[in-house]
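Student: Any chance you could fold what I've pasted below:
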Amino acid sequence: MKHFNIFVSVVFCVSFLTVSCDKEFCSKDKKQTVNVNLKMNDAYQYELGLLGDEEAAVITRQATHFLNSVIERDISKSKVIYRYQPSEGFIGSDEVELVSKKGSDGGNHHKDKLITTIKFTITN
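Tutor: Predicted coordinates:
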């Protein structure tokens with residue numbers, strides 16, 4: 001019976017910790033959509049803003065029809081930039097999803113997460 005009580009206590013504590021959310025550690029997810037019209041073969045860049053060394057930006061859903069689709073860090077300005085260029089001769093729609101995380105102090109979790117969906121319409 002003693003082991004059962006300990007087991008129940010542990011399960012309760014773990015459940016409470018996973019359900020409860022301290023403001024300091026909870027992520028504030030924000031979503032935005034950016035619609036972009038491009039001419040065939042034109043390049044596009046989107047600034048994700050200033051991100052510190054401990055902060056991150058990643059492509060979570062890659063575009064399908066691209067010659068170039070990357071996230072780059074401009075070290076001199078601490079800016080993070082997403083660059084896109086459609087496949088040569090491609091006309092149609094494409095889409096990419098980026099996630100940028102801010103608010104880390106190096107020892108704690110990122111507090112703010114921005115999910116950006118960029119929808120491209122490429123025309124002749």
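
Student: what ranges do the strands span in this structure?
Tutor: With DSSP state E as the criterion, the chain has strands at 28-39, 44-50, 56-61, 66-74, 79-86, 92-102, 112-123.

Student: how close does the spatially closest residue to residue 44 that is not a sequence neighbour sit to residue 42?
Tutor: Leaving aside its chain neighbours, residue 44 sits nearest to residue 84 (4.8 Å; criterion: Cβ to Cβ, 6 or more residues apart in numbering). In this view, the C-beta of every residue, glycine as well, is placed from N, C-alpha and C. Distance, residue 84 to residue 42, using Cβ to Cβ, to the nearest Å: 10 Å.

Student: if we can go back for a sec, I'd say the residue nearest to residue 44 and residue 63 touch.
Tutor: Yes. Residue 84 is within contact range of residue 63, at 6.5 Å (criterion: Cβ atoms under 8 Å).

Student: Fine by me, thanks again.
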